[in-house]
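Trainee: coords please:
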Amino acid sequence: MNNIRQNTPTIPIKQIPSKKFIPLVVGTPDSDLKIPAKLFEEQKIQNFIQDVLAHFENIKDKNAVLYAIRLCKTNQYINEKNRAELLSLTSSTKFHDVDLCLNLETEVKCYIEKISGSKITNADSLISHLISVEKYISADKIFALEFYAKGGRKIIIDFIQECEKSSDSKKWSMLYHLYKIFILFIKNWSLFTWDTSETELNLLKSTCEILNESTKDSKKEIIPDFLVLLYLQNLNDVMLNCISARELILKEIKFHDILFLIQRSEIQIKEALLIFLNSCFLKGDTNFRKNLNSILSQPLANSLLREASLSENNFERIFKNFALLQKNILDIEFSIRIRTPVDKVHFTRIEEICKMVFDPSLVNSTEKTLTDDEKLSRLGFMNIKNPIHDFDQTPPGILALDFLEYFTKNKIFKSVVQNFVNERSVKNLEYMFPFAKASIYIIKHLIEILKIGKNEIDQKTEILFILFIISPDGIFDFFGKILWLFYRLWIEMKAQSLDFERALNALKDSLYIILTDLNKFEKRNGQGYSSIIKKKLSDLNNLVDTWKYDLIKKGKSRYDKSGLEPIKELEIILTNEVIENLRPKRLKALCKGETFEKSNLKDKKTKQKQFWSLSPDYKTFNISEFENLQSTEVKTATQIEVEFIKDIKKDEPRKQMFSFQIVCLRMDEIGEETIILSNQSETIIDAWFDGLSILINPKPTTSITCFVECLIDVRLLDINTLGIEIPQKIPEIPTLPADFDFNIKNE
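Mentor: From the prediction side, this is the model:
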């Protein structure tokens, strides 16, 4: 491009699979991208642009350097008039949904003049111009740079400051679009940062002040949700990416106040607030995290979070962020306690526990009064002379003593502990359940599986953190139920002191199986995720309350070998075998063919009667279309290649009609379309959906996975019976001998 002025690079050409169209993206100033020379000759590009410009009489300057033709799919320079004119061209060269952009410098200057000439009092006009600029800046760095260079940043800042002082009812909408443009400068194109100057920091400070105000009763209805959401999302980005500005946010935000934003009806605000709080835990220093934890641990904050977590509108990401927030709170709250040993000062707490448990009113007056040592022994302390030493282990440290106090004072669990330590029928203390020792080891194990104090969260235990935030009694209530479960297992096993390790392992196995089963629960019947979570929590409580020792034997056979490489390899082999065996059976229904009512996702009212059948080689669908829904005469016949089908989805039944969607490439290979096939028989729809699933995406379903687990258990019957230990890793195949000249020695 010798006739293009220096420093005017161009943007690469994008090609569409169809050869009918020649989409072209040609340059504007300040772009650092080049057109590959192999695709088009330079002169042909110039001629191509000139041919387009020739069709527009209103364009006086025909210099190709000053123009850009862009695909609409990039969301740049949408202009309905120009698009219509281009698409109406009848020359041999066709254009696929393209836009013609006038001189970029002139266009930016035009928007600068429109915005700077607008007044706050004429809010609708200003908002209209801002929306146009926002659209261009979000998609085009060239436009953003030009707008910035022409003084756009200063104009936006001036309007923000003027809007914040205004009392106009539409000031919030204007602020939203002004901040949106300002954020795009930073987030999309990195033209500057929030700590570039005092101006940016003052704007950020103003954002924090508005968020603080938005929770007050006088402002709740005035400051709209869309502005609150934008501010929260922006503060989260700043927290993660800008150190200096981060310190300002932590200083200016009133966390006591913004926590009330979780009461807003907009579900995205709830999610954005949780993400922001988690970012604060992640990026704040130790002192800040402690202060934030003290705020979130207060009864009012607990009540707000619990109420918000019970909303029916919550979706999966909301609960994941709730779980992470609860994890962050417990990390701060428990990290110190699990590392703090119990000293002599706390001995009085142990004495109080003994008094609480061994209530004189529960003891028959004719029975011998227990000594202090006997009480400690019945409670299950290991160091009778100095029980303080039982808590020397860190973890669990003083947290175990806190739990002991909770358990003995709680109305539900108090009677349980009193029953099993005052059981006079147990003459041999070896069979007594060691309450104190069990509590210490349970807390230690639960701290490990919850990864308290570690900057990570296990997906399997997310459900527990959600339980802690939803339950009024939180984590200690769950710990108490686990201790009660331990006690029941102990009784069923008829364990004694020497069996403590075996009983503890039985408890660990029980927890592992329960959590694994809970995380296998899948979304069904169109339930919202809130319903799924509540069912999971109900299942968790029911399983803990009704768990039996015999269930460990049934459940453990499925899970205790799941981490072994040979078992994983066996699972893969069996899964592939099952799928291959099912494949011809599932595809038989497709080859046989079926009649459907076909409609389009964009036009559901227009229905066509079609007969679909799969070719014997499983590569093509043959489609016969009838004259109308009642006709039996075939009008046309078409085909769809199986490789064109990208996805299938099951629809909810409507008016006794069952259907599924097929997402596939269009016949002209331009874009995708969604076809809906319907039938009155649910059996037919299920058979076709299963067949299509195994045809285009042969992944194991839940039923296949369950069947494979049964097959694995059958294959391992002899191994389990003979007590053969399966290796952790697959043994290497030994190398072949150098030769086959063997000598057999007779001894």
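
Trainee: Isn't S510 up against L485?
Mentor: Yes: S510 lies in contact with L485 (CB atoms under 8 Å); the separation is 6.8 Å. Just so you know, the C-beta spots here come from the backbone N, C-alpha and C atoms, and that holds for glycine as well.

Trainee: K646 falls within a strand, correct?
Mentor: Yes: assessed with DSSP: H, G, I helix; E, B strand; the rest coil, K646 lies in a strand.

Trainee: the strands in the stretch 201-350 of the chain, which residues?
Mentor: Along the stretch 201-350 of the chain, no stretch is classed among the strands by DSSP state E, counting those that start in this stretch.

Trainee: any weak-confidence spans in it?
Mentor: Judged against pLDDT under 70, the stretch 201-350 of the chain has no low-scoring part.

Trainee: Give the closest residue to the spatially most central residue of the chain in space, chain neighbours not counted.
Mentor: Nearest to the mean C-alpha position of the chain, by CA atoms, centre = their mean, lies R317 at 4.5 Å. Closest residue to R317 in three dimensions, ignoring its sequence neighbours and counting by CB to CB, 6 or more residues apart in numbering: E271, at 6.0 Å.

Trainee: Distance check, the residue nearest to the centre of the chain against A323.
Mentor: Distance, R317 to A323, by CB to CB, to the nearest Å: 11 Å.

Trainee: list the residues that contact both of those two?
Mentor: Overlap between the contact sets of R317 and A323, as judged by CB atoms under 8 Å, 6 or more residues apart in numbering, is nil.

Trainee: Could you pull out the buried residues of stretch 309-318?
Mentor: Neighbour-count burial for stretch 309-318 flags S309, N314, I318 (criterion: 16 or more other CB atoms under 10 Å).

Trainee: Around the residue nearest to the second one when sequence neighbours are not counted, how many other residues sit close by?
Mentor: So that's N314. Spatial nearest neighbour of N314, excluding adjacent residues (CB to CB, 6+ apart): S530 at 4.7 Å. Counted by other CB atoms under 10 Å, the residues lying close to S530 total 18.

Trainee: All the helices of the stretch 51-200 of the chain, in order from the start?
Mentor: 80-87, 104-116, 123-139, 141-149, 152-165, 171-187, 198-213 (DSSP state H, counting those that start in this stretch).

Trainee: can you redo those as a markdown table with distance to L304 and mean neighbour count?
Mentor: Formatted as a markdown table, the helices of the stretch 51-200 of the chain follow (distance: least, CB to CB, whole Å; neighbours: other CB atoms under 10 Å):
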| stretch | distance to L304 | mean neighbour count |
| --- | --- | --- |
| helix 80-87 | 47 | 13 |
| helix 104-116 | 41 | 16 |
| helix 123-139 | 34 | 18 |
| helix 141-149 | 40 | 21 |
| helix 152-165 | 28 | 17 |
| helix 171-187 | 25 | 20 |
| helix 198-213 | 16 | 17 |
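
Trainee: right, so of those helices, which gets closest to I336?
Mentor: Of all the helices of the stretch 51-200 of the chain, it is helix 198-213 that lies closest to I336, at 29.6 Å by CB to CB.

Trainee: and the direction of that closest one versus that of helix 171-187, what angle?
Mentor: 130 degrees (axes from the mean of the first three to the mean of the last three CA atoms, to 10 degrees).

Trainee: Pass me the low-pLDDT residue ranges in the stretch 1-150 of the chain, would you?
Mentor: In the stretch 1-150 of the chain, residues with pLDDT under 70: 1-106.

Trainee: Could you list every helix and strand that the helix of greatest length in the chain packs against?
Mentor: For the chain, the longest helix by residue count, based on DSSP state H, is helix 565-592. Packing partners of helix 565-592 (3 or more CB pairs under 8 Å, 6 or more residues apart in numbering; DSSP states H and E): strand 608-614, helix 682-696, helix 702-715.

Trainee: So what touches the second one?
Mentor: For helix 682-696, the surrounding residues in contact (CB under 8 Å, 6+ apart) are 579, 582-583, 586-587, 589-590, 594, 614, 618, 642, 645-648, 650, 653, 658-660, 662, 677-679, 699, 701.

Trainee: out of those, which are buried?
Mentor: For the contacts of helix 682-696, buried by 16+ other CB under 10 Å: 579, 582, 586-587, 589-590, 594, 614, 642, 645, 648, 658-660, 662, 677-679.

Trainee: My understanding was that I645 contacts C664; is that so?
Mentor: Yes: counting by CB under 8 Å, I645 touches C664, with 4.6 Å between them.

Trainee: The closest residue in space to L504 that isn't next to it in sequence in helix, strand or coil?
Mentor: Nearest-residue entry for L504: Y441, 5.8 Å, with adjacent residues in sequence omitted and distances by CB to CB, 6+ apart. Secondary structure, three-state DSSP: Y441 is helix.
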